[in-house]
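Chemist: Sharing a model that was predicted from the sequence below.
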Amino acid sequence: MIEFLGYLGALCIGIVLGITGGGGSILTVPVLVYVLQLNPVTATAYSLFVVGTSSAFGSVQNFRKGLVDIKSALRFAVPSVLGVYLTRKYLVPEIPDPVFYFASLQLTKATFLMVLFAIVMFWAAVAMLKTKKDNPVPEITNNYGTIIQLFFVGVLIGLIGAGGGFLIVPALTKLARLTIKKAIATSLLVITINSLIGFSGDVQNIEIDWLFLMRFTAFSVLGIFLGLYLQKFINEKLLKKIFGIFILIMALIILYKELFS
């Protein structure tokens, strides 16, 4: 039953990624940690592979439809992918365990990663639920400020094991002035690059159960095809609100479980 729930979760991850271009990765780590009982460090690594592979299939479909803006994708991917790779290769293995301790109180590495993940989930949920005014914004440029911001987005993605679509889609619509459909399609390509290169930084650091990972990923890939099909029939604004509420509840549950239970 637990394994069935895990694979059902993988299917849902793909569906959400296909429909919204982000957010599916937010589900991956909780499914791997709380349903399938994986260590958070391993779960964040597996999450990058699952989300990256699923997004790759979605990117191919979107590219055929002419929805992917390659130029914008590369502008976002190059600085952020460097942050993801360096974080997975060097920073995550060097995080001490415990991260902090004082007398009988201590914060383990696993708890630290899950609390950080929950905080990002909370922030993403608030961003999804917030009604934003359409303000004119400049096109994205190659200035140093933008590059540094994207690099640190990559560091955050590397720490929490998420694809970063919930950060990338809004940025593409505002900074690159893409329509929401093109932003969703382009974000999947950015997620593919970030996630798979980030995962390559884990290959030498952890032992990978490839058979399980391929099975889990297969369900997620199936889900993304379903999501791309369902995208035609679903009110995206309503879906984002429902999903935002779900993520908010999940973030609070994780914080309670990690800090108070």
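Modeler: Perfect, thanks for sending it.

Chemist: could you pull out the strands for the stretch 101-250 of the chain?
Modeler: 105-107 (DSSP state E, counting those that start in this stretch).

Chemist: got the residue ranges for the helices in the stretch 1-150 of the chain?
Modeler: Per DSSP state H, counting those that start in this stretch, the stretch 1-150 of the chain carries helices over the ranges 2-20, 24-30, 40-64, 70-86, 92-94, 109-129, 144-160.

Chemist: Flag every buried residue along the last one.
Modeler: Residues of helix 144-160 classed as buried: 146, 150-151, 153-160 (neighbour count, 16 or more other C-beta atoms under 10 Å). For the C-beta atoms, the positions are set from N, CA and C on the backbone; glycine is no exception.

Chemist: try the third one
Modeler: Taking 16+ other C-beta under 10 Å as the basis for neighbour counts, the residues of helix 40-64 that come out buried are 40-59, 61-62.

Chemist: wait, which of the helices of the stretch 1-150 of the chain is closest to residue 249?
Modeler: Of all the helices of the stretch 1-150 of the chain, helix 109-129 sits nearest to residue 249, with 8.4 Å by C-beta to C-beta.

Chemist: doesn't residue 72 make contact with residue 172?
Modeler: Yes - counting by C-beta atoms under 8 Å, residue 172 touches residue 72, with 6.2 Å between them.

Chemist: ok, so of the buried residues of helix 144-160, who is nearest residue 89?
Modeler: residue 158 (8.8 Å).

Chemist: any idea how far the nearest residue to the closest one once chain neighbours are set aside lies from residue 124?
Modeler: Excluding its sequence neighbours, the residue lying closest to residue 158 (C-beta to C-beta, 6 or more residues apart in numbering) is residue 87, at 2.9 Å. Separation of residue 87 from residue 124 (C-beta to C-beta, to the nearest Å): 18 Å.

Chemist: So for these two, which sits in the more crowded spot?
Modeler: More neighbours surround residue 124 than the other of residue 87 and residue 124, with 24 against 20 (other C-beta atoms under 10 Å).

Chemist: and the gap between that one and residue 114?
Modeler: Distance of residue 124 to residue 114, given as C-beta to C-beta: 15 Å.

Chemist: For stretch 26-36, what is the distance to the chain centroid?
Modeler: Stretch 26-36 sits 12 Å away from the centroid of its parent chain (C-alpha atoms, centre = their mean, to the nearest Å).

Chemist: what's the answer for stretch 86-106, then?
Modeler: Put simply, stretch 86-106 sits 22 Å off its chain's centre (C-alpha atoms, centre = their mean).

Chemist: Please save the CA atoms from that stretch in CSV.
Modeler: Extracted in CSV, the C-alpha atoms of stretch 86-106 (Å, rounded to 0.1, in the frame of the first residue of the first chain):
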residue,chain,number,x,y,z
LEU,A,86,28.0,23.4,-7.0
THR,A,87,25.4,23.1,-4.2
ARG,A,88,24.7,19.4,-4.8
LYS,A,89,28.4,18.5,-5.5
TYR,A,90,30.1,20.4,-2.7
LEU,A,91,27.7,22.3,-0.3
VAL,A,92,25.2,19.6,0.7
PRO,A,93,27.9,16.9,1.5
GLU,A,94,29.6,19.5,3.7
ILE,A,95,26.6,20.5,5.8
PRO,A,96,27.4,19.3,9.4
ASP,A,97,25.2,16.8,11.2
PRO,A,98,23.9,18.1,13.5
VAL,A,99,23.8,21.6,12.0
PHE,A,100,23.4,23.2,15.4
TYR,A,101,23.3,22.0,19.0
PHE,A,102,23.0,23.6,22.4
ALA,A,103,22.8,21.5,25.5
SER,A,104,20.0,18.9,24.8
LEU,A,105,18.7,20.9,21.8
GLN,A,106,20.0,20.0,18.3
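
Chemist: Kindly indicate which of the buried residues of helix 144-160 lies nearest residue 224.
Modeler: Among the buried residues of helix 144-160, residue 157 lies closest to residue 224 (C-beta to C-beta), at 18.6 Å.
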